[in-house]
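In: sequence first, predicted model second:
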Amino acid sequence: MKVSEIMSRHPITVAPDQTLGEAAELMQRIDAGFLPVGQDDRLVGMLTDRDIAIRGIGAGKGPDARVSDAMTKDVRYCFENDEIEAVARNMGDQQVRRVPVVDEGKRLVGVLSVGDIAVRRDALTAGTTLEDIAQPAGSHD
């Protein structure tokens, strides 16, 4: 089964020059804990609620700081034609709960989450992935 068959399509993005306050309000409005960061039709980062708390507020930045000040720049992604099982293994290895999905031109086309795998694929794959994600790891950048 391909990622494109179960991914969530049309993800809402935030720009790197928007403020953390704007991003947090958007997260609240759409009930999400992360946002892909896009610029000029390209994926340039990911922003999570944890990024806002740790790299933003925890680092002394206020709601007027830019998304680019707190986002994760080293984005792990997959392609829409990748096999679900391979991507799920990578998610477990990298300890991420969701991954942006790009097309052949590396343009953002969706997001794949552990929840997508559980609901649309199978609970066993999702459970194994989540077990790997939950393993203690070193510090996160």
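Out: Yes, it's here. Being a predicted model, the structure only gives us computed values, none of them experimental.
In: how about the strands of the chain, start to end?
Out: 8-9, 34-39, 42-48, 78-79, 98-102, 108-113 (DSSP state E).
In: quick check: buried residues in stretch 69-83?
Out: By neighbour count on 16 or more other C-beta atoms under 10 Å, the buried set for stretch 69-83 is 70-72, 75, 77-78, 80, 82. To be clear about C-beta, it is placed using only N, CA and C from the backbone, and glycine gets the same treatment.
In: then stretch 15-28?
Out: Neighbour count says stretch 15-28 has 15-16, 18-20, 22-24, 26-27 buried, by 16+ other C-beta under 10 Å.
In: returning to what we had before: to Ala65, which of the strands of the chain lies closest?
Out: strand 42-48 (11.5 Å; C-beta to C-beta).
In: what packs against that closest one?
Out: Counting contacts by 3 or more C-beta pairs under 8 Å, 6 or more residues apart in numbering; DSSP states H and E, strand 42-48 is packed against strand 34-39, strand 98-102.
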